[in-house]
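# Build me a structure from this.
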Amino acid sequence: MSATSKPVAQTWFGPVTAVQRRAMFALVPVAVAFGLVVGVAFLPFVSSVGGLAKVGSETVLELPDELVLPPAPESSTLYAADGETVIATFGDQYRVQLEYDQIPDSVINALVATEDSNFFEHNGVDPEGIMRALVTNIADGGTSEGASTITMQYVRQVLSYTATTPDEVTAASEVTIDRKVKEMGYALALEEEMTKEEILTNYLNTVYFGNGAYGIGAAAQVYYGKVPADLTVPEAAMLVGLIQSPSTYDPINGSSEAAKVRRDHVIGRMVAVGFLSSAEGDESKATDLALNPQDANNTSGGAIDSDYGFFVDYFEKWWEQQEGFGETEEIRKARLYRGGYEITSTLNTELQDASQDAIEDQLETGSEYALGSVVVEPGTGAIEVMAVNRDYSNDVSDNGPNTANADYKGSYPNTTNPLLSGNADVAGYQAGSSFKMFTMLAALEEGLPLDTTIYSPYQYTSQYVVGDGAASCGNYWCPKNASEGEVGNYNMWTGFGESVNTYFVQLAERVGVDKAIDVAERLGIQFRNPLDLSHVENSPETYGPFVLGVTQTTPLDMAAAYAALPADGVYCKPTPVSSAVTNSGDTIAFESECSQAISVEVARAAVDAARCPTGYGAAAGNCTWGTAEQVGDAVDGPVAGKTGTTDSNSTNWFVGFTPNAAAAAFVADPDSPQNFVGRSNLGKPANAVADILASQWEINGEGEFKPPTELVH
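Numbering: from 1, shown residues only. Predicted coordinates:
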């Protein structure tokens with residue numbers, strides 16, 4: 001038989017009819033006898049054999065009528081929103097899934113000749129092999145030879161891969177009579193469910209070849225830089241030889257001589273079985289190993305060296321919180337890394353690239369200051385952009401100024417995303433006057449119209465007692481405006497447009513700070529800082545400084561909160577995924593959790609006032625001047641938003657939106673959040689958002705802001 005012709009599949013009993021297949025289970029008691037034989041074959045002959053028949057009988061006869069083995073672990077792929085651009089893969093096993101016709105005859109022949117020469121004749125258990133192992137082991141007084149068929153080996157692999165506890169992993173491979181009998185029973189049942197070709201394909205897609213390569217497709221790439229179809233006979237023999245012990249015969253990091261000896265043994269078996277002639281065998285043995293080693297292409301961690309690493313990192317952490325994928329984070333992550341999902345994310349790569357350029361135009365990567373932005377789609381919560389002037393790295397040893405971990409000088413290893421999304425350790429940054437939106441929304445909900453006019457002095461003594469770090473006049477908090485010229489009567493249009501502090505403090509006194517906090521919470525603002533949380537939970541009525549944004553937050557929270565405004569008050573929890581296809585072909589659709597957080601009219605009124613800061617102009621009232629009119633100049637469409645600066649200029653923000661996108665950006669010193677960011681950096685978030693929203697409008701600009709019909713006068 002030549003090396004290029006595969007044997008014709010048949011069972012131990014020859015061609016099988018449907019009736020005969022069902023009848024095979026009548027032969028299950030034969031496995032009881034096999035239980036006795038296999039026990040002797042796989043354990044020292046001196047083992048006691050009394051009771052083996054009982055163990056075997058109970059185990060085999062309790063097998064289920066149908067046996068369905070799950071597919072081998074597969075890496076998952078994460079695509080951009082277009083469903084085509086791969087932005088990351090997740091897998092702890094490098095694997096290239098193949099069909100039967102993609103596996104060359106040389107590999108099949110080498111495997112069958114070496115591991116199971118009767119594979120195409122038996123029905124999962126090989127009596128001849130068992131007897132041969134029995135005789136050999138009796139002679140040796142040990143377990144020098146096994147009798148596992150390829151089908152039994154495949155069963156063992158699947159049981160190992162699907163094990164969820166250390167005990168299950170051990171049970172799948174331990175040398176015991178009970179385990180061997182179970183394995184034989186499963187093999188008999190498996191050959192009722194699968195063809196010989198399917199078993200070979202699954203086995204060769206599953207088995208480990210060493211150096212991170214799972215399956216023959218990966219092994220051909222790792223050892224020879226080839227697809228399997230291009231393997232020569234000696235190369236196929238070398239790879240098949242690794243199956244017995246990938247570490248012992250490792251030709252890359254171990255002994256190439258041992259690998260060659262093992263390869264030649266495989267070639268010898270191919271000659272003995274008749275797959276190769278003696279001349280072909282001698283010619284194959286005369287060749288060198290001729291390796292061409294390649295790295296295993298498993299991107300464990302998914303986002304290493306990715307242009308979209310921060311988004312991918314956020315996605316992975318999001319996935320680990322989805323309870324539908326398992327009871328624990330470990331189980332959920334295992335499903336991602338081994339489940340073979342094809343996942344379509346919400347990342348808009350065109351807008352992401354434009355946003356990255358906009359940020360780096362303002363502040364270069366590697367600066368001591370961090371400038372980052374997030375874009376969220378109104379009405380869906382889809383995260384379209386996560387950009388920052390940092391190079392992504394999930395290597396905890398990285399300490400350079402342009403790495404993700406360096407943002408915290410090593411204080412928070414592996415926390416690459418707190419700059420943009422926050423976590424349990426990192427609360428974010430004070431958002432300054434961008435928080436005035438929540439007070440305005442609370443006032444509108446209480447029925448105060450947009451033209452509510454309040455005389456606002458340069459400095460105002462509030463009814464709130466002085467808090468930590470707050471300006472005080474006696475025992476009370478007395479904030480100032482940004483300029484001594486900001487004095488006079490203001491309404492919501494002009495007060496918001498010019499960001500008049502004393503106007504909004506007085507507005508909060510009329511409606512209650514607790515109402516503003518309630519709005520913020522409905523719009524998804526999280527209070528991660530313990531001090532902020534204490535104020536919110538214990539004394540919200542007296543937490544006056546909340547109005548001016550002393551609370552720490554993130555651009556993800558702020559973008560999602562502001563996205564509710566052009567969505568007519570519907571808040572959607574941010575999501576990085578739109579759909580996923582399982583390895584069985586089923587589609588999972590992901591929809592954000594959305595709610596009517598504020599009324600339609602309140603949202604439309606707030607949007608009208610928010611048009612003033614950008615210079616776009618209100619529809620229902622009059623603006624004076626805006627604190628970020630460069631945004632309106634840059635965007636060729638409707639645009640609104642709000643600046644935010646803390647008292648000490650330690651952070652600077654801008655949150656802006658069009659009818660179909662909301663972007664939040666900030667600048668701060670992430671290593672020392674209280675440091676002054678410098679005058680030259682104060683306008684950079686607004687400039688970055690101006691360019692981001694300008695690009696967004698060019699890419700997908702549509703819609704108008706709907707003017708308010710209520711809450712105006």
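
# Return the residues in contact with the residue nearest to Ile525 when sequence neighbours are not counted.
Nearest residue to Ile525, sequence neighbours excluded (Cβ to Cβ, 6 or more residues apart in numbering): Asp557, at 5.4 Å. (Each C-beta comes from the backbone N, C-alpha and C, glycine too.) Contacts for Asp557 were tallied using Cβ atoms under 8 Å, 6 or more residues apart in numbering; they are Gly422, Gly428, Gly524, Ile525, Gln526.

# Tell me which two of these sit farthest apart.
Spatially, the most separated pair among these is Gly428 and Gly524, at 12.9 Å (Cβ to Cβ).

# Who has more neighbours out of the two?
Gly428 (29 against 24; other Cβ atoms under 10 Å).

# give the contact list for that one.
Counting by Cβ under 8 Å, 6+ apart, Gly428 makes contact with Pro418, Gly422, Arg528, Asn529, Gln552, Thr553, Thr554, Asp557.

# most surrounded residue in those?
The residue in these with the most neighbours, by other Cβ under 10 Å, is Thr553 (29 neighbours).

# surely that residue meets Ile525?
Yes: counting by Cβ atoms under 8 Å, Ile525 is a contact partner of Thr553 at 6.0 Å.

# just the helices in the stretch 401-550 of the chain please.
For the stretch 401-550 of the chain, helices defined by DSSP state H, counting those that start in this stretch occupy the ranges 436-445, 492-498, 501-511, 513-522, 530-538.

# so the closest residue to Gly656 other than its chain neighbours is in which element?
Counting by Cβ to Cβ, 6+ apart, Gly656 lies nearest to Gly641, which is 3.0 Å off, once chain neighbours are set aside. Secondary structure assigned from DSSP states H and E places Gly641 in strand 640-645.

# Packing partners of the helix or strand following that strand?
Sequence order places strand 651-658 as the next helix or strand after strand 640-645, per DSSP H and E. When contacts are defined as 3 or more Cβ pairs under 8 Å, 6 or more residues apart in numbering; DSSP states H and E, strand 651-658 packs onto strand 429-430, helix 555-563, strand 640-645, strand 661-668, helix 684-700.

# Asp608 is nearest to which of these?
strand 640-645 (8.3 Å).

# contacts for the closest one?
Residues contacting strand 640-645 (Cβ under 8 Å, 6+ apart): 431-437, 482, 496, 499, 549, 562, 565-566, 607, 610-611, 613-614, 616, 627-628, 631, 651-657, 666, 682, 685-686, 689, 705.

# Can you check what pLDDT the model gives the closest residue to Cys572 other than its chain neighbours?
In this structure, Cys572 finds its nearest non-sequential neighbour in Gly381, 3.1 Å apart by Cβ to Cβ, 6+ apart. On pLDDT, Gly381 comes in at 98.

# how about Gly381, what does it touch?
Ala560, Ala563, Cys572, Lys573, Pro574, Thr575, Ser592, Glu593, Cys594.

# which element is Thr248 on?
Element membership for Thr248, per DSSP H and E: none, as it lies in no helix or strand.

# which stretches of the stretch 351-500 of the chain aren't confidently modelled?
Residues of the stretch 351-500 of the chain meeting the criterion pLDDT under 70: 393-418, 424, 467-471.

# quick one, strands of it?
Using DSSP state E, counting those that start in this stretch, the strands of the stretch 351-500 of the chain run over 370-376, 383-388, 429-430, 454-456, 472-473, 476-477, 488-490.

# Show me the one of those strands that comes nearest Ser106.
So among the strands of the stretch 351-500 of the chain, strand 383-388 is nearest, using Cβ to Cβ, at 47.4 Å.
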